[in-house]
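In: just the structure for this:
(one chain, ligands or ions: 1)
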Amino acid sequence: MKLLAGNSNPPLAKAVADYLEIPLVKASVKRFADEEIFVEVHENVRGQDMFVLQSTSYPANDNMMELLIMIDALRRASAKRITAVVPYFGYARQDRKPGPRTPISAKLVANLITQAGADRVLTMDLHAGQIQGFFDIPTDNLWAAPVMAADIQARYDTDKITIVSPDVGGVVRARSLAKRLDNAPLAIVDKRRERAGESEVMNIIGEVEDRVCILVDDIVDSGGTLCNAAAAMREQGAKQVMAYCTHGVLSGAAEARIDKSDLTELVVTDSIMHEDIKDDGKIRRLTIAPLFGEAISRIADESSVSSLFD
Ligand code: R5P
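Out: Here you go, the predicted model:
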């Protein structure tokens, strides 16, 4: 087994390599003057079980292209099997046609990864579980829930917490985390525009008064969803509001918005690298390196990955 990393998240790649006690494959990923990407693998990979780690996070298109080119280089170098390890699968929110003449880009990206030569995919908390079916190759979709649950149990009294889904679409994810926390009660934020042109009303289904509320989501991008939900919950008497999100996309002014919000803390995983997040702000990171390291090791050994979540 060998592990090759792109440029999207070197600290995570190193942590996964350390977990597996293997060095990263020596390779260089360069840019030509016109920004074309060139990949060169500097060691023999013939007949190897190759894992290529690359999140397709910002800059999404460059990181995606780098992943495709790395897979192509490995295929042409006669690797025996290639697993695309994509902790954050970008374009996942484009998983259906929102209107006529629009693309389903998540499917296109799945096709590109497959056509480049990947034999399997390892990812985490896909925006929608069905995206697994966009691939016609085996796809393991890990969950950050056990990592989050362990962190929550170490910090909060589970009798006092309520797990909250910030929208109706996230209920399954929130329920699965609540189950791991002694079946903590669940609440749901239901955003509704009563009439066209009127501002959105936040209805909260479930009890949040005097509760320590933990919002759970797969992605935090602008931070708008979480900050608005936190404000609505505080208005309804929540004692404290925290958020746990797998993928910290954190575009634009997200960090500043979160720092100014009613959230006490936002916890994200290191599926996406951010070098510029302040240490004294409200955002804290959890590592998913051991989870990915263990999943890679099990795939290489042909042993069960799902039992990681029993
Ligand atoms: C939407 O369905 C996702 O699960 C997230 O809630 C959304 O992407 C978060 O975006 P933002 O932080 O920009 O509100």
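In: ok, Ile283 to the ligand distance?
Out: Per Cβ to the nearest ligand atom, to the nearest Å, Ile283 is found 13 Å from the ligand. Any C-beta I mention is one placed from the backbone N, CA and C, and that applies to glycine too.
In: what's the answer for Met70, then?
Out: When Met70 is compared with the ligand (using Cβ to the nearest ligand atom), they lie 27 Å apart.
In: for Gly6, see how far away that residue is.
Out: Between Met70 and Gly6 the computed distance is 6 Å (Cβ to Cβ, to the nearest Å).
In: overlap of the contact sets of the two?
Out: 29, 52, 54 (Cβ atoms under 8 Å, 6 or more residues apart in numbering).
In: how many other residues sit next to the closest residue to the last one other than its chain neighbours?
Out: In this case it means Gln54. Among residues not flanking Gln54 along the chain, Gly6 sits closest, at 3.6 Å (Cβ to Cβ, 6 or more residues apart in numbering). By the criterion of other Cβ atoms under 10 Å, Gly6 has 26 neighbours.
In: what's near enough to touch Gly6?
Out: Counting by Cβ under 8 Å, 6+ apart, Gly6 has contacts 13, 29, 52-54, 63, 66-67, 70.
In: kindly reformat these as TSV containing secondary structure, neighbour count and pLDDT.
Out: Below are those laid out as TSV (DSSP: H, G, I helix; E, B strand; the rest coil; neighbours: other Cβ atoms under 10 Å; pLDDT from 0 to 100):
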residue	secondary structure	neighbour count	pLDDT
Ala13	helix	25	98
Val29	strand	18	91
Val52	strand	29	98
Leu53	strand	26	98
Gln54	coil	25	98
Asn63	helix	22	97
Glu66	helix	21	98
Leu67	helix	28	98
Met70	helix	27	98
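In: so what pLDDT did the nearest residue to Gly206 once chain neighbours are set aside get?
Out: Counting by Cβ to Cβ, 6+ apart, Gly206 lies nearest to Ala187, which is 3.0 Å off, once chain neighbours are set aside. As predicted, Ala187 sits at a pLDDT of 97.
In: let's see stretch 35-53 as PDB, backbone CA atoms only.
Out: C-alpha atoms of stretch 35-53 as PDB (Å, rounded to 0.1, in the frame of the first residue of the first chain):
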ATOM      1  CA  GLU A  35      -1.400  27.200 -14.700                       C
ATOM      2  CA  GLU A  36      -1.600  23.800 -16.400                       C
ATOM      3  CA  ILE A  37      -0.900  21.100 -13.800                       C
ATOM      4  CA  PHE A  38       2.000  18.600 -14.200                       C
ATOM      5  CA  VAL A  39       2.400  15.600 -11.900                       C
ATOM      6  CA  GLU A  40       5.500  13.400 -11.600                       C
ATOM      7  CA  VAL A  41       5.700  10.400  -9.300                       C
ATOM      8  CA  HIS A  42       9.300   9.900  -8.300                       C
ATOM      9  CA  GLU A  43       9.100   6.200  -7.200                       C
ATOM     10  CA  ASN A  44       8.000   2.900  -8.600                       C
ATOM     11  CA  VAL A  45       4.300   2.200  -8.100                       C
ATOM     12  CA  ARG A  46       3.900  -0.700 -10.400                       C
ATOM     13  CA  GLY A  47       1.600  -3.300  -9.000                       C
ATOM     14  CA  GLN A  48       0.900  -1.200  -5.800                       C
ATOM     15  CA  ASP A  49      -2.300  -0.600  -4.000                       C
ATOM     16  CA  MET A  50      -2.400   3.200  -4.300                       C
ATOM     17  CA  PHE A  51      -4.400   5.700  -2.200                       C
ATOM     18  CA  VAL A  52      -4.500   9.300  -3.500                       C
ATOM     19  CA  LEU A  53      -5.600  11.800  -0.900                       C
END
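In: list the buried residues of it.
Out: By 16 or more other Cβ atoms under 10 Å, the buried positions in stretch 35-53 come out as 37, 39, 41, 45, 48-53.
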